[in-house]
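Trainee: pasting the structure only:
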């Protein structure tokens, strides 16, 4: 199981997570931010420049799921995951991926009023600046001690013996140290947030300036996420178990989280669709309103809009599979078997396996049937009738191309055979 602690910066996710480790036996801290750090080290700078947030990387979202599943083979669980997740489509992708691996999720939202969040963000900046000053003071003390030890070195038989660490001797007989104090510049480490290549001179204000800049960046980043958090609250309050942290500390927050987990609160009733292990056969059904707009549905278990339909079960006729899915997803029983519009061979693109994708014409739905459309909360979040132009902005390119050809096949009263989205034959 995963206990996902969501919320804005300053809500107390990290401190509550640390306390929660003592309250949930066998629990382990799983920080998806470490996945992001690894990607920052491995991905080309040009790719990183294309995104404003590491969560926008599909590789990050997939690796979070894979890493959690792998970690749960090593520890009993649950995994405590403090991570802000404000985009619902990313929540769908990650939680849906976990559900496909039969990993249950408890989604808990730690909420505090915005004025309190702003105060906490400001205090965090002050604390980081104070910690940076403490670090700089320790660096200066260490540098002064090293200088003193170097000066106290005693000459014995023409050799210099220092009470501190012995400096390497270069071929020309020098110590290899640089600078007037005899210290190696590389021994001065930059402050937190300065970056792996940053070097600050403990004898200057550079380290302090860098630390203040890092704290300011953190504050700017945190404040910038308050508006998206406000916008996300509508779906977060519906999706997650909410704990108000405005007037309670980390321990009390952790106790309430633990109680919620024990009571089953925050359980994500999301459909569990097993990850494919080979090529699949899938059947979709296009349904239309009186204006010939096509029906799209928004699944809870994966990102993006889709056609009603799903994977054909072994031994099941594809048309019947499409009819079954329409009934299960929308509560609509089609009176006749739908006509095939498009058969599309989808090429395997790792990590996907591809396979055959069929689109059928389910015909027009009368207004009264549209009014009675039902959505299973564990599988679909919304439905919408859209024009061809509107569908282009909502569907992934592969699905959009398939729809485009299916609409042409419907208009021409024919069936099209596609290979990787291109008509053949």
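Mentor: Arrived safely, thanks for sending. Just so we're clear, the structure is a prediction, and the values are computed from it rather than from any experiment.
Trainee: can you tell me the distance between the two ends of stretch 290-298?
Mentor: In stretch 290-298, first residue to last residue: 21 Å (C-alpha to C-alpha, to the nearest Å).
Trainee: Need the contact partners of that stretch.
Mentor: 286-289, 305-308, 329-330, 364-367, 375, 380-388, 391, 394-395, 403, 407 (C-beta atoms under 8 Å, 6 or more residues apart in numbering). The C-beta positions use only the backbone N, C-alpha and C, and glycine is treated the same way.
Trainee: among these, which are in helices?
Mentor: 329, 330, 367, 388, 391, 394, 403, 407 (DSSP state H).
Trainee: thought the fourth one was touching residue 404?
Mentor: Yes - taking C-beta atoms under 8 Å as the contact criterion, residue 388 and residue 404 are neighbours in contact, 7.1 Å apart.
Trainee: so where do the strands sit in the stretch 251-400 of the chain?
Mentor: In the stretch 251-400 of the chain, the strands defined using DSSP state E, counting those that start in this stretch lie at 280-288, 294-299, 309-311, 339-346, 355-364, 380-386.
Trainee: Identify whichever of those lies nearest to residue 222.
Mentor: For these, the distance to residue 222 is smallest for strand 380-386, at 28.8 Å, taking C-beta to C-beta.
Trainee: what stretches of the stretch 1-150 of the chain score poorly on pLDDT?
Mentor: Counting by pLDDT under 70, the stretch 1-150 of the chain shows low-confidence ranges at 125-137, 139-140, 143-144, 148-150.
Trainee: And the strands in it, which stretches?
Mentor: Counting by DSSP E, counting those that start in this stretch, the strands of the stretch 1-150 of the chain are 2-6, 28-29, 79-82, 105-111.
Trainee: Would you mind giving the domain segments of this protein?
Mentor: Under the assignment automatic domain parsing, the domains of the chain span 2-112+245-263, 136-218, 280-423.
Trainee: Export those as a markdown table, with columns for distance to residue 237 and mean neighbour count.
Mentor: A markdown table is the format used below for those (distance: least, C-beta to C-beta, whole Å; neighbours: other C-beta atoms under 10 Å):
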| stretch | distance to residue 237 | mean neighbour count |
| --- | --- | --- |
| domain 2-112+245-263 | 7 | 18 |
| domain 136-218 | 27 | 14 |
| domain 280-423 | 15 | 17 |
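Trainee: And stretch 253-272, how far out from the chain middle?
Mentor: Distance of stretch 253-272 from its chain centroid, counting by C-alpha atoms, centre = their mean, to the nearest Å, is 20 Å.
Trainee: for it, what is the average pLDDT?
Mentor: Taken as a whole, stretch 253-272 has a mean pLDDT of 88.
Trainee: Touching that stretch from outside, list them.
Mentor: Under C-beta under 8 Å, 6+ apart, the answer for stretch 253-272 is 1, 3, 5, 12, 15-17, 19-20, 22-24, 78, 95-96, 99-100, 102, 104-108, 110, 239-241, 243, 245, 248, 299-301, 376-379.
Trainee: repeat that for 7 Å
Mentor: With C-beta atoms under 7 Å, 6 or more residues apart in numbering as the contact definition, stretch 253-272 has outside contacts at 3, 12, 16, 19-20, 23-24, 95-96, 99-100, 102, 104-108, 110, 240-241, 243, 245, 300-301, 377-379.
Trainee: what do you get for stretch 48-63?
Mentor: Under C-beta under 7 Å, 6+ apart, the answer for stretch 48-63 is 35, 36, 39, 40, 90, 93, 94.
Trainee: Leaving out the residues flanking it, which one is nearest to the fourth one?
Mentor: So that's residue 40. The shortest distance from residue 40 to any non-neighbouring residue, by C-beta to C-beta, 6 or more residues apart in numbering, is to residue 48 (6.5 Å).
Trainee: And the one you found, how far from residue 41?
Mentor: 10 Å (C-beta to C-beta, to the nearest Å).
Trainee: go on, residue 323?
Mentor: 50 Å.
Trainee: Name the nearest residue to residue 60, ignoring sequence neighbours.
Mentor: Nearest residue to residue 60 in three dimensions, chain neighbours excluded: residue 54, at 5.2 Å (C-beta to C-beta, 6+ apart).
Trainee: Which among the strands of the stretch 251-400 of the chain is found nearest to residue 423?
Mentor: In terms of C-beta to C-beta, the element of the strands of the stretch 251-400 of the chain nearest to residue 423 is strand 339-346, at 9.2 Å.
Trainee: Okay, helices next: where are they in the protein?
Mentor: Counting by DSSP H, the helices of the chain are 13-23, 33-42, 45-49, 58-71, 88-100, 114-151, 206-224, 226-239, 250-263, 318-330, 367-371, 388-394, 397-411.
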